[in-house]
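1. return a 3D structure for these sequence lines:
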Amino acid sequence: MHRPAPLLLMAPGGTLIAADRTVNHPDAVRPPRRPLPPRQARTPRPSGRFGAYRRIFAAPGATAFTVGSLLSRAPMGMFGVSLIIMIATTRGSYALAGAVAAAGMAATAVLASVVARLTDRYGQARIAVPATVWSVAACLVLLLCVRYDAPSWTLFAAYTARSTSPNTGGMARARWAHLYRDDPAARHVANSFEQVADELCFMLGPVLAAFLCTALFPEAGMLVANVLLLSGVLLFAAQRGTEPPAPGRSAARSGSLLRVPGLPALLAVFFCTGVIFGSLEVTTIAFADARGHASAAGAVLALQAAGSGTAGLFYGLSKPTGPATARFAASVAAMAALMTLPLLAGGLPALACCLFLAGCATAPTMVNGMTLVQSLAPPARLNEGMTLAVTGILAGISTGAALAGTAAERFPPGTGFWLPAAAGALAAALALRVHGKRTGGRLPESAHEKGPTA
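-> Now for the predicted structure:
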């Protein structure tokens with residue numbers, strides 16, 4: 001085949017060079033193109049006040065897995081209320097209902113980290129679906145035991161067996177961290193959105209559960225909660241394109257996450273935050289009951305969640321500045337200061353305002369805390385790290401509720417509000433310890449320094 005003659009070009013300085021014209025020839029071999037950057041690195045620029053939230057949902061599959069996550073997380077605020085009303089109505093014992101709920105929470109604290117570890121190793125879909133099916137089956141057994149007046153021990157056995165339910169909130173945060181592994185600003189917005197979603201579930205879940213159990217039949221709340229859980233997990237797991245890669249059995253293990261510098265102190269802050277939640281809930285109910293307005297306690301507590309959700313929504317629109325540990329310490333200090341406000345409340349309306357303001361510091365604390373967990377946990381163990389954080393909160397809620405219950409029985413109403421104030425002060429001191437480890441050079445400031453998180 002005749003080869004085209006070279007084309008002479010003049011380079012800078014007057015030197016003649018030969019340029020091969022075969023690049024335009026039909027038979028020429030073109031050099032391979034460079035791969036395009038990931039889609040998440042080219043997300044559109046936000047527009048409007050809430051453009052930052054529209055931006056994170058531009059990633060393919062983000063909307064679908066978020067819908068599944070919300071459906072599966074709605075039962076978070078339904079299970080406890082449904083269980084209490086169901087057992088108290090059919091067995092006439094709040095003590096039995098509380099004991100069964102405490103047993104289930106203790107089992108969750110043990111099994112949640114196991115399920116999360118398996119999820120990190122084998123993938124979200126492979127573990128979440130069978131774990132949810134087992135949990136739903138155990139709940140159906142619980143409903144049958146309640147309906148047909150089975151012995152009390154069967155209630156404990158069935159409810160603890162349902163503790164394999166996966167932490168879809170943690171799995172959703174792991175997906176955001178994977179999608180926007182090179183975009184810290186987008187991860188900040190995503191974590192803020194997830195916190196708002198949590199607060200929304202805790203606001204609406206108890207109301208829906210109480211309505212179903214009282215308007216239909218005692219088991220209705222638990223039944224609907226399980227339908228939402230199963231359908232949400234199935235939809236969530238079906239979105240395989242956004243699922244973080246699983247390393248498999250051969251992945252190297254780095255020992256317990258509690259050995260990661262800074263993580264134990266961070267988990268201790270989450271525990272103190274749980275104490276705040278648990279003690280506030282019980283003390284508020286006792287405070288309202290002592291004034292003859294027990295039915296208004298739920299609405300008052302919902303205002304705390306509303307304050308947190310509102311703050312989380314607008315906090316996601318802010319641009320993070322400075323080290324993540326410094327932001328975390330500042331938000332925990334603000335939370336500690338605001339938790340002293342209920343001590344000043346002389347009546348229920350004043351308490352409602354105080355709880356709304358106190359809740360405004362909760363969301364920034366959780367957003368910055370989850371950002372630190374994503375930075376500290378190894379990339380292949382994100383689900384486990386965030387589940388440990390949730391487990392710490394649950395353990396704190398149990399401890400705070402127990403302490404506040406004792407205070408409500410032995411001391412004047414409102415005395416229990418000293419518990420969240422004290423827990424907030426301890427949390428602020430521990431958050432300073434987390435920040436101090438960063439300044440000592442052992443912690444990353446944020447995900448910027450750690451690099452890709454998945």
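
2. now residue 97, nearest residue through space, not along the chain?
-> Closest residue to residue 97 apart from its sequence neighbours, by CB to CB, 6 or more residues apart in numbering: residue 87 at 3.8 Å. For glycine as for every other residue, the C-beta is placed from the backbone atoms N, C-alpha and C.

3. was I right to think that neighbour contacts residue 96?
-> Yes. The criterion here is CB atoms under 8 Å, and residue 87 meets it with residue 96 at 5.8 Å.

4. between these two, which is the more surrounded one?
-> It is residue 87, of residue 87 and residue 96, that has more neighbours when counted by other CB atoms under 10 Å, with 25 against 16.

5. who's in contact with the residue nearest in space to the middle of the chain?
-> By CA atoms, centre = their mean, the chain has its centre lying nearest to residue 169, at 4.4 Å. Counting by CB atoms under 8 Å, 6 or more residues apart in numbering, residue 169 touches 69, 73, 76, 194, 197-198, 386, 390.

6. hang on, the earlier thing: helix or strand: which one has the residue nearest to residue 97?
-> helix 79-91 (DSSP states H and E).

7. so residue 345 touches residue 357, yeah?
-> No. The criterion here is CB under 8 Å, and residue 345 misses it with residue 357 at 10.9 Å.

8. show me what the longest helix anywhere in the chain is packed against.
-> For the chain, the helix with the greatest residue count under DSSP state H is helix 184-215. Judged by 3 or more CB pairs under 8 Å, 6 or more residues apart in numbering; DSSP states H and E, helix 184-215 is in contact with helix 51-56, helix 62-73, helix 79-91, helix 168-179, helix 220-238, helix 297-315, helix 362-376, helix 447-450.

9. pull out the buried residues from the helix holding residue 87.
-> Neighbour-count burial for helix 79-91, counted by 16 or more other CB atoms under 10 Å, picks out 79-88, 91.

10. now the very next helix or strand once past that helix: mean pLDDT?
-> Later in the chain than helix 79-91, the nearest helix or strand by DSSP H and E is helix 94-122. Averaged over helix 94-122, pLDDT sits at 77.

11. quick one: helix 94-122 to helix 168-179, angle?
-> Orientation check (axes from the mean of the first three to the mean of the last three CA atoms, to 10 degrees): helix 94-122 against helix 168-179 gives 20 degrees.

12. and the helix or strand just after helix 94-122, what does it pack onto?
-> Downstream of helix 94-122, the first helix or strand assigned by DSSP H and E is helix 124-147. On a contact count with 3+ CB pairs under 8 Å, 6+ apart, helix 124-147 meets helix 79-91, helix 94-122, helix 152-161, helix 168-179, helix 220-238.

13. any chance of those in TSV, with distance to residue 56 too?
-> Listed next are the helices and strands packed on helix 124-147 as TSV, based on distance: least, CB to CB, whole Å:
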stretch	distance to residue 56
helix 79-91	29
helix 94-122	22
helix 152-161	36
helix 168-179	7
helix 220-238	17
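
14. any idea which of the ones you listed is most buried?
-> Highest mean neighbour count among the helices and strands packed on helix 124-147 (mean count of other CB atoms under 10 Å): helix 168-179, with a mean of 26.
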